[in-house]
Every structure is written in structure tokens, then in C-alpha cells.
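Asker: Have a look at this prediction, sequence included:
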Amino acid sequence: MIKKNRIHFLFRVFQLAILSVLLIIAPLTQAAVEGPRDKAALKKRAALLKKLKKLNLKQLSTIQFFNPEATSASRTKRKLMDTASALFVISSEDIRRAGITSIPEALRLAPGVQVARVYSSRWAISARGLNGLMSSKLLVMIDGRTIYSGFNSTVYWDVQNTLIEDIDRIEVIRGPGASLWGANAVNGIINIITKKSKQTQGNLITTYLGTTEEQAVVGIQHGGKIGSHGHYRVYGKFSEHDSFVDSQGQDANDNWQMKRGGFRTDLDISKLDNVTIQGDIYDGFKKQTYLHPGKIPEVRNAHTYISGFNLLARWQRNLTNGDIIMQSYYDLTERQWTVFQNETRSIYDIDFQHRWQPNVKQEFIWGLGFRHLYDENKDEFMPITRTIPEKREDNLFSAFVQAEFTLLSNSPISSKKIAQSEEKLLRLTLGSKFEHNDYTGFEYQPTIRLLWTPNAQHSAWAAISRAVRVPSRMDQDNEFHGWFGKDLRFTLLGNHDFESEIMIAHELGYRFNLSNRFLFDANIFYNEYDRARTLFEQVDFQLSPPPPTVITTYGNNMTGEVYGLELLAQWQTTKNWRLVATYNYVDIHLHHLPISKDIGGEGEEGDTPHHQASLRSLLTLPNNWEFDTALYYVDNLPNQKSPNYTRFDVRLGWQPRKDLSLSLGARNMFDNQHPEYGIGASGNTDIPFETQRTFYLQANYRF
């Protein structure tokens with residue numbers, strides 16, 4: 001009761017703060033826009049449009065770095081300065097100039113995101129803290145198709161291996177987006193947006209050769225036309241990854257290999273309608289060494305065979321005052337483990353949304369969704385883990401509604417297109433997602449957001465949101481056997497009474513954009529967690545039959561607070577030199593309830609670095625040369641016994657002709673090897689290994 005009263009009190013304080021801001025700025029804003037301003041405003045906008053028309057393609061793309069467009073924050077296209085969320089967009093140009101070939105490594109470019117390489121084929125990735133091998137509070141999508149696993153509430157990054165040249169942008173939202181995207185969009189959302197097939201015409205051959213872990217990546221692609229109103233592309237990709245090493249330089253035996261192919265087709269079936277159909281298929285394996293204390297033997301060169309495919313179809317109709325989007329996809333994944341279980345998981349999803357804008361000051365978006373999930377888990381190796389029942393089918397029904405109101409505007413123009421761009425001074429957003437799942441029943445996830453844009457250079461925003469992380473199959477149906485040391489065994493049982501974890505987020509943000517040459521973005525947040533998961537709630541202790549065994553289960557007996565600061569600065573110092581700097585601070589406090597009997601402790605506090613910082617330099621030289629550097633600092637992880645590290649990357653690029661580009665680069669220049677994530681209370685039985693210094697050569701040939 002005390003906890004609920006505290007949350008209600010914070011809600012009231014935050015609401016009063018927002019109302020106070022409204023009362024203060026409303027008369028000031030109104031006074032600012034009154035008077036003889038119509039002619040001056042018209043001339044200013046006309047001059048801006050005339051200037052934009054004269055810019056070439058390269059200059060327009062530069063502007064996108066300082067005020068990019070994104071769709072994930074509001075389910076409709078919005079500029080960064082017009083977005084009331086902690087949004088960062090990783091562009092295809094950012095990825096190319098970083099010499100990156102995988103999505104997880106690209107996420108290091110975003111502020112407020114924690115990325116740790118655990119071993120060769122696995123990453124721990126989260127936003128705003130609570131990182132771990134099973135990062136359960138980050139929703140990840142590719143073109144709106146969720147890749148978040150309903151079995152163990154995590155993302156298998158090893159199979160998210162699409163051709164990196166096909167990525168248009170990666171939209172990263174720190175903070176909850178559950179009011180639009182539903183459960184599990186708690187600490188953040190990552191949406192990987194691929195290019196339309198019209199943008200990938202012709203042929204492409206891309207190669208990457210490297211030392212140490214990432215040894216070889218080869219991709220081929222062909223794009224063409226379908227009649228006069230359609231385009232398509234097909235691609236294939238092969239990647240070979242070598243093993244990590246341990247602290248003594250010994251081979252970790254965790255190499256992996258993936259083969260992948262896919263297609264995308266975009267058709268303009270009428271002036272108002274377009275259809276997209278796309279799909280991927282993949283197959284590969286990875287190896288790992290598993291160390292099990294006690295009497296369960298160590299397993300070396302344990303293979304996991306991975307395969308799957310997905311198919312997505314999306315239809316969009318543009319209306320006079322909005323649009324309609326219908327999307328449906330099917331996703332199948334199979335994992336055959338030498339250790340643990342064999343998994344088969346499938347998702348069928350259908351989603352409908354309608355956006356309606358009756359006038360320039362109001363916009364409404366609503367939608368409906370249905371998802372069917374099937375998974376089967378079989379133990380075929382040793383009695384370490386099992387899932388009861390082996391097969392399960394679940395249904396998820398959802399609906400959402402969001403309304404945006406322009407409370408104050410200085411627009412003297414009735415034109416909707418111009419008024420949408422920069423005439424809104426104060427905008428209020430209200431919305432909520434409503435879901436019914438087979439684990440906890442009905443869930444609601446509302447948000448209230450306020451955006452103030454006094455002019456094109458400044459914007460400030462505030463938000464309060466509620467989000468939930470619903471239970472997974474592992475939380476309710478899994479049974480795991482392990483050891484505390486050599487003499488004490490434990491059994492971890494699923495809990496059918498496990499409830500959704502709840503988070504209340506409070507956010508404030510400010511952006512300053514100076515003439516599309518300098519961008520400063522600052523965010524502060526305070527998140528409160530209730531019914532947070534505890535891993536080892538003791539329910540029994542058995543002395544016989546030997547060995548002594550502790551019986552534990554999952555629980556909802558922890559609360560917590562996470563607060564932090566995120567800073568971003570981008571500066572186009574000269575025409576050919578851009579600097580990007582980021583810094584974020586996170587502090588985590590977890591508290592067991594008095595009724596808790598968790599013997600796992602509150603170690604997750606030490607799974608996230610307090611401090612992270614980066615500095616990137618992108619320098620374009622004469623004669624089509626490029627010289628790019630990146631410096632990253634990551635604080636230590638006490639619970640994972642991982643020290644802080646500084647990583648320095650460098651890349652030299654050259655385009656000798658229009659259809660050929662070459663890159664020579666190095667990563668981790670400051671040290672030969674270092675660990676990024678070890679073993680802790682939130683880890684598993686994997687042995688931690690270390691990432692090494694890498695030298696690489698890239699070549700892209702288009703014809």
C-alpha cells in the first residue's frame with residue numbers, strides 16, 4: 001500500500017509540474033505570436049523552402065543527421081525535433097563509416113544503450129539499465145516484425161544477420177513505448193528499418209575479411225523492376241566467425257557460422273495503395289563450452305544448430321486525411337541444442353492501424369492486433385532443464401488508441417502541409433495499449449506526453465508512462481537443475497502465479513538544433529519498478545536423497561528505482577568533418593520485499609555500467625578518401641567481474657570509382673583483448689571469454 005501511495009504521489013507531482021509549465025508558457029507563447037507577424041512568417045517560410053530546393057542530395061542527407069525522420073516513436077513519420085521521446089536514429093551512413101557488419105555492434109553508436117559481447121555469438125543488450133544475457137525489457141523489431149522471444153524474454157542476436165547494406169536506419173527509443181507497441185517495450189524499443197527495393201537496384205557484391213573473431217562475410221544481391229510500378233531484390237549472405245579466447249589466450253571453442261537468403265518486393269498497385277512482401281531464410285550453427293559445477297560434467301564443443309524463416313506482407317493506403325496500414329507476418333525458429341532443450345517456436349501476427357487527421361491541430365491513431373504463439377521444447381541430452389508441458393499455444397489480443405492535440409500554435413497559414421512542419425508550439429499526446437494474454441489476462445499501458453517547440457531550433461518534452469513485462473514460458477513452465485558450488489544442488493521451478501513486472505517511467509528531454517550544423521540532445525529519466533522478478537525464491541530444502549537440494553522458484557518480490565542522464569552532441573565543424581559525442585549515466589537500486597526469500601541477492605545492480613561515453617570523428621578527405629575514428633569508454637560491471645575498458649576503432653575508406661568502395665580498419669586498438677561481460681547472478685553456465693583486437697578489409701562492388 002505504501003508503494004502504491006508513493007507512485008500515486010509521484011504521478012500527482014509530475015502532473016502538477018506539467019500543468020505549471022503550461023500555465024507559465026501559455027501566456028508567454030501567446031504574446032509571442034500575437035501582433036503583425038503574418039507577413040514576416042510567410043516570408044521566412046518561403047525563403048526556407050527556396051533554400052531547401054537548391055540543396056543537392058549530399059547536402060540534404062547531411063541535414064538528416066541533425067533532424068532525422070523516424071516512425072517508431074509515434075507510428076507515423078516524425079522529425080526528431082517534433083518527437084516527445086528519447087529517440088536516436090542510426091543511419092546507414094553511420095553504419096557504413098563505422099565499418100560495422102552486424103546489428104548488435106551497430107547499437108553501440110546509440111546513447112543510453114548498453115552493449116556487451118558475452119562470447120562470439122552472443123550479446124547482452126539493454127537500454128537504461130538492467131542488462132543481462134536474458135535482457136527481458138527491450139522490444140526489438142525488424143520492419144515492425146518482433147524478434148523478441150516469448151520463451152525466455154530475450155533476443156537471439158545471432159540470427160538477426162540481415163545484409164547490413166540493406167539497412168536504411170535503426171530507430172532506437174530509450175524509455176517505454178508500450179502505449180503503442182505493447183508489453184515488453186519497457187526500457188526501450190529498437191526497430192531496424194530496411195531499405196525499399198527501389199533503393200537497391202542493380203547488383204552488389206560485398207566482402208569482409210578480418211582477423212580474430214569475425215573472419216569472413218560475403219554478400220551478393222540483385223535488384224530489378226517488376227513492370228512499371230514495382231521493384232524487387234534478392235540477396236544471399238554467408239558469415240564465418242572464429243572463436244573468442246579466455247584470459248590466458250586459449251581458444252574458447254565458440255566459433256559459429258550462418259547462411260542466409262531473402263527477398264523484398266514493393267508494388268505500387270495504385271496511386272493510393274502500395275504493397276510490400278518480404279522474407280528471409282537462414283541456417284547455421286554455433287559452438288560453446290558449458291561449465292556445470294558439481295557432478296554435471298563440463299561440455300566442450302557443444303553445438304547448437306539453428307534454422308528458420310519469416311514472411312511478411314504489408315499493405316498501406318494513403319487517405320485524404322491519414323492512412324491505413326495492415327501488416328501480417330509468420331516467423332518460425334528452430335534450435336537443436338546439444339545441451340539444454342530443442343526449441344521450435346513460431347509466431348503468427350496480424351496488425352491493423354488507422355491514422356486520421358481531421359485538422360492541423362488534431363491527429364488520432366488507433367489499431368487492433370492478434371498474435372498466435374506456438375512453442376515446443378524437448379530435453380534430449382541430459383536432465384538439466386525441461387519445460388512442462390512440452391508444447392504450448394498462446395493468443396494475444398490487443399488494441400491501442402493515441403490522440404495528439406496542438407494546444408498552442410503560431411501558424412497563420414491554413415495549409416496543412418506547412419503547419420505540420422514547424423508551426424506547433426505545444427502538443428499534448430495521450431494514449432494507451434490494451435492487451436489480453438494467456439499468462440496474466442488484461443494489461444493496460446498508458447502514456448501522457450507534452451512537447452513544446454517555440455521555434456525550429458528548440459524543443460522540450462516531458463512524459464509519464466506505464467509499461468509491463470509479461471511472463472514468459474521460462475517464468476511459468478520451466479524447470480532447471482544446477483549447483484551452488486560442488487556440494488549444494490538447486491532446482492529452479494517455474495511459477496504459475498508469476499505476474500507481470502510493472503514500470504512507471506518519468507522522462508524529461510531537451511533538444512537544440514542550430515542551423516542543421518549542431519545538435520544537442522539531453523534526457524533525464526526516473527523509472528520505478530514494481531513486482532520485479534526474483535530468480536531464486538526458496539520454497540523448500542531437501543537433505544535426502546543426497547546431495548542436499550535447495551528448491552527455488554521465480555517470484556515478484558522486488559522493487560527498484562533506476563535513474564539516469566543521456567547526452568548527445570553532433571557538430572558539423574566544417575563541410576567535411578562531423579563529430580558525434582555521447583555520454584550516459586545510469587544508477588540502479590533494487591530492494592527485496594520483506595516476504596522475499598530470494599537467495600540470489602540483488603546482483604543485477606552490478607550488471608550495468610554507471611558511465612558510458614563515446615566520441616566519433618567522421619572526416620571526408622579529397623579524392624574520395626575517408627578517415628573515421630571512434631573512441632568508447634565503458635565502466636566496470638561489479639557483478640560480472642568485468643573491469644572498465646576503453647575501445648578505439650579506426651577506419652580508412654576510399655572510393656577509387658563510382659561503383660567500388662574499399663575500407664581498411666581496426667577495432668580495439670588500445671589492448672590485445674578484454675572481457676565485456678562475465679558470470680554473475682543473472683548470467684548462466686557459460687564461461688566468459690574476451691574480445692580481441694581486429695584488423696579488417698572491406699570491399700563493396702556495385703554494377
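Answerer: Cool, the structure landed. Only a predicted model underlies this, so the values are computations on that prediction, with no experimental measurement involved.
Asker: going forward, measure contacts and count neighbours with C-alpha atoms only.
Answerer: Fine.
Asker: And the strands in the stretch 201-350 of the chain?
Answerer: For the stretch 201-350 of the chain, applying DSSP state E, counting those that start in this stretch gives strands covering 202-210, 214-226, 230-241, 256-267, 273-290, 299-319, 322-337, 341-359.
Asker: now the last one against strand 299-319, angle please.
Answerer: Going by axes from the mean of the first three to the mean of the last three Cα atoms, to 10 degrees, strand 341-359 is angled at 20 degrees with respect to strand 299-319.
Asker: thinking again about what came up before, got TSV for the strands of the stretch 201-350 of the chain, with distance to residue 596, mean neighbour count and mean pLDDT too?
Answerer: Putting the strands of the stretch 201-350 of the chain into TSV (distance: least, Cα to Cα, whole Å; neighbours: other Cα atoms under 10 Å; pLDDT from 0 to 100) gives the following:
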stretch	distance to residue 596	mean neighbour count	mean pLDDT
strand 202-210	49	18	97
strand 214-226	44	19	96
strand 230-241	43	21	97
strand 256-267	41	21	97
strand 273-290	30	20	92
strand 299-319	34	17	91
strand 322-337	34	19	94
strand 341-359	30	18	93
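Asker: chain center to stretch 177-184, what's the gap?
Answerer: 13 Å (Cα atoms, centre = their mean, to the nearest Å).
Asker: Using PDB, write down the CA coordinates of it.
Answerer: The C-alpha trace of stretch 177-184 is given here as PDB (Å, rounded to 0.1, in the frame of the first residue of the first chain):
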ATOM      1  CA  GLY A 177       6.900   2.600 -26.000                       C
ATOM      2  CA  ALA A 178       4.300   0.200 -24.600                       C
ATOM      3  CA  SER A 179       1.300   2.500 -25.300                       C
ATOM      4  CA  LEU A 180       1.800   1.900 -29.000                       C
ATOM      5  CA  TRP A 181       3.800  -1.400 -29.200                       C
ATOM      6  CA  GLY A 182       2.500  -3.300 -26.200                       C
ATOM      7  CA  ALA A 183       4.000  -5.400 -23.500                       C
ATOM      8  CA  ASN A 184       7.800  -5.800 -23.200                       C
END
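Asker: returning to that earlier point: could you take the strands of the stretch 201-350 of the chain and lay them out as TSV, with extra columns for distance to residue 90?
Answerer: Shown next, in TSV, are those (distance: least, Cα to Cα, whole Å):
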stretch	distance to residue 90
strand 202-210	21
strand 214-226	22
strand 230-241	22
strand 256-267	22
strand 273-290	22
strand 299-319	23
strand 322-337	24
strand 341-359	26
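Asker: So which residues make contact with stretch 543-555?
Answerer: 475, 487-495, 498, 532-542 (Cα atoms under 8 Å, 6 or more residues apart in numbering).
Asker: Just the residues you listed: which are in strands?
Answerer: 488-493, 532-542 (DSSP state E).
Asker: Neighbouring strands of the helix or strand containing residue 646 in the sheet, and parallel or not?
Answerer: Using DSSP states H and E, residue 646 falls within strand 645-657. When sheet partners are counted by DSSP bridges, strand 645-657 sits next to strand 625-634 (antiparallel), strand 660-667 (antiparallel).
Asker: Who does residue 256 form a beta bridge with?
Answerer: residue 241, residue 286.
Asker: Tell me if I'm right that it and residue 244 touch.
Answerer: No. Residue 256 lies out of contact with residue 244 (Cα atoms under 8 Å); the separation is 10.6 Å.
Asker: Now the common contact residues for the two.
Answerer: Going by Cα under 8 Å, 6+ apart, residues that sit against residue 256 and also against residue 244 are residue 120.
Asker: on that earlier part again, kindly supply the ChimeraX command isolating those of the contacts of stretch 543-555 that are buried.
Answerer: In ChimeraX, this line selects whichever of the contacts of stretch 543-555 come out buried by 16 or more other Cα atoms under 10 Å:
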select :475,488,489,490,491,492,493,494,495,498,532,533,534,535,536,537,538
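Asker: ok so, going back, buried set for the strand holding residue 646?
Answerer: 645, 646, 647, 648, 649, 650, 651, 652, 653, 654, 655.
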